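>>> mind looking at a prediction? Sequence and model below.
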Amino acid sequence: MTITKKNKEEESLQERLIEEILKDASKELIKKETLPREEDCDYEPSKKFKKSMERILKSAERKAWWQGNYITVAKGAASVMIVGTVASATVMNVEAFKVPIFNFFMEHQEKYSKLEVKEEGK
């Protein structure tokens with residue numbers, strides 16, 4: 001006897017829960033159906049809201065661009081740093097980077113570019 005009473009109580013609770021769920025669902029459905037469509041609304045958002053939305057969209061675009069091009073930018077920055085380091089080392093210490101060929105041409109120019117003038121009559 002006790003088993004049947006418990007079963008009946010559980011069944012009645014389940015039925016009540018199902019009815020409440022159906023009522024809530026029908027209320028939500030009615031609310032959704034009674035809302036006007038977006039095209040029918042004459043609401044115009046404020047300028048402040050529009051500006052803030054534009055700012056948010058631009059920020060999202062910048063973030064997406066940065067995530068896509070981070071490696072390229074990092075490689076470019078590293079290349080610029082390497083070139084700058086090499087250029088500054090070259091400018092600061094030219095003698096350390098002189099090549100023997102360069103010295104050869106400098107000596108060649110000194111040897112053959114001198115003009116000797118001989119005086120006649122002496």
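Alright, I've got the coordinates.

>>> pLDDT weak spots in the chain?
Across the chain, the ranges flagged by pLDDT under 70 are 1-6, 28-40, 93-101, 108-117, 121-122.

>>> one more time with 90
In the predicted model of the chain, residues 1-46, 49, 60-70, 86-122 satisfy pLDDT under 90.

>>> quick one, longest helix in it?
helix 47-92 (DSSP state H).

>>> next, residue 120: secondary structure please.
Put simply, residue 120 is coil when judged by DSSP: H, G, I helix; E, B strand; the rest coil.

>>> what's the burial count for it?
Applying other Cβ atoms under 10 Å, we find 4 residues neighbouring residue 120. From N, CA and C alone the C-beta is placed, and that goes for glycine too.

>>> and it, what is it in contact with?
Residues counted as contacts of residue 120 (Cβ atoms under 8 Å, 6 or more residues apart in numbering): none.

>>> how near is it to residue 86?
55 Å (Cβ to Cβ, to the nearest Å).

>>> now swap in residue 106 and tell me
Between residue 106 and residue 86 the computed distance is 23 Å (Cβ to Cβ).

>>> likewise for residue 80?
For residue 80 relative to residue 86 (Cβ to Cβ), the value is 11 Å.

>>> could you do residue 24 as well?
Applying Cβ to Cβ, the value for residue 24 to residue 86 is 73 Å.

>>> same thing with residue 107?
27 Å.

>>> what do you get for residue 18?
79 Å.

>>> before we move on, what SS does residue 43 have?
Per three-state DSSP, residue 43 ends up coil.

>>> neighbours of it, how many?
Counted with other Cβ under 10 Å, residues neighbouring residue 43 total 6.

>>> what backbone torsions are found at it?
phi -70, psi 130 (degrees, to the nearest 10).
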